[in-house]
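Asker: The sequence and its predicted three-dimensional model are supplied below.
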Amino acid sequence: MSEARSSRVFLVICLIGLTIGSRMVFAQKENRTPAAKKISFVNGKWEDVAALAKKNGKYIFVDAYTAWCTPCRQLKEVTFKDKEAAEFYNGNFINYMVDMEKGEGEELAEKWDVTVYPTLLYFTPEGKMVMKQVGYVDGQQLIEFGKQALAGK
């Protein structure tokens, strides 16, 4: 093969690679859910979350889950990515997610009497539990529960 032809073959292979690579990058960008379109959860210990809520005067929403729980995963993949639910929860709550079978979660599960998953918990800015909901819910149901919790029901 001549040097000119091998250069053209190399160039064509590079262009194909770039095309495939750029399509993969754009496809990945399209699949991402921006933070504004999903519920944002804070990380850390419960003590820090409670202090943050008290400081900001916001209620706390807790997703109490386990790794093996299929409805828990469905909440994360569907409900927590609901745009309306995300806007409502990001605006009104400090959102906290905790695995109830790991670390601090085991102690919190006992303290909050959580034995079924998923369990959705709502607390005042002072850390008093005002509501507990068990099981999978969709975005609209989640908003309704949030409104009830904020109303003190």
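Answerer: Great, that's in hand.

Asker: Just the mean pLDDT for stretch 107-127, thanks.
Answerer: In this model, stretch 107-127 has a mean pLDDT of 96.

Asker: which residues in the chain form helices?
Answerer: Assigned by DSSP state H, the chain shows helices spanning 3-31, 46-56, 70-77, 83-92, 104-111, 139-150.

Asker: Lowest average confidence across these, which one?
Answerer: Among those, helix 3-31 has the lowest mean pLDDT, at a mean of 50.

Asker: just checking, Thr115 touches Ala109?
Answerer: Yes - assessed by Cβ atoms under 8 Å, Thr115 is found in contact with Ala109 at 7.4 Å. C-betas here are computed from N, CA, C, even on glycine.

Asker: Which one's more surrounded, the two?
Answerer: Ala109 (19 against 10; other Cβ atoms under 10 Å).

Asker: And the nearest residue to the more buried one once chain neighbours are set aside, how close does it get to Lys132?
Answerer: The shortest distance from Ala109 to any non-neighbouring residue, by Cβ to Cβ, 6 or more residues apart in numbering, is to Met100 (4.1 Å). According to Cβ to Cβ, to the nearest Å, Met100 and Lys132 sit 13 Å apart.

Asker: quick one, which of the two is more surrounded?
Answerer: Neighbours were tallied for Met100 and for Lys132 using other Cβ under 10 Å; the higher tally belongs to Met100 (26 against 17).

Asker: residues touching that one, list them.
Answerer: 64-66, 106, 108-109, 114, 117, 119 (Cβ atoms under 8 Å, 6 or more residues apart in numbering).

Asker: Would you mind giving those as a markdown table with distance to Glu87 added?
Answerer: Formatted as a markdown table, these follow (distance: Cβ to Cβ, whole Å):
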| residue | distance to Glu87 |
| --- | --- |
| Ala64 | 23 |
| Tyr65 | 22 |
| Thr66 | 27 |
| Glu106 | 33 |
| Leu108 | 27 |
| Ala109 | 29 |
| Val114 | 27 |
| Tyr117 | 26 |
| Thr119 | 23 |
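
Asker: Would you point out the most distant pair within the residues you listed?
Answerer: Spatial extent of these (Cβ to Cβ) is set by the pair Glu106 and Thr119 at 14.1 Å.
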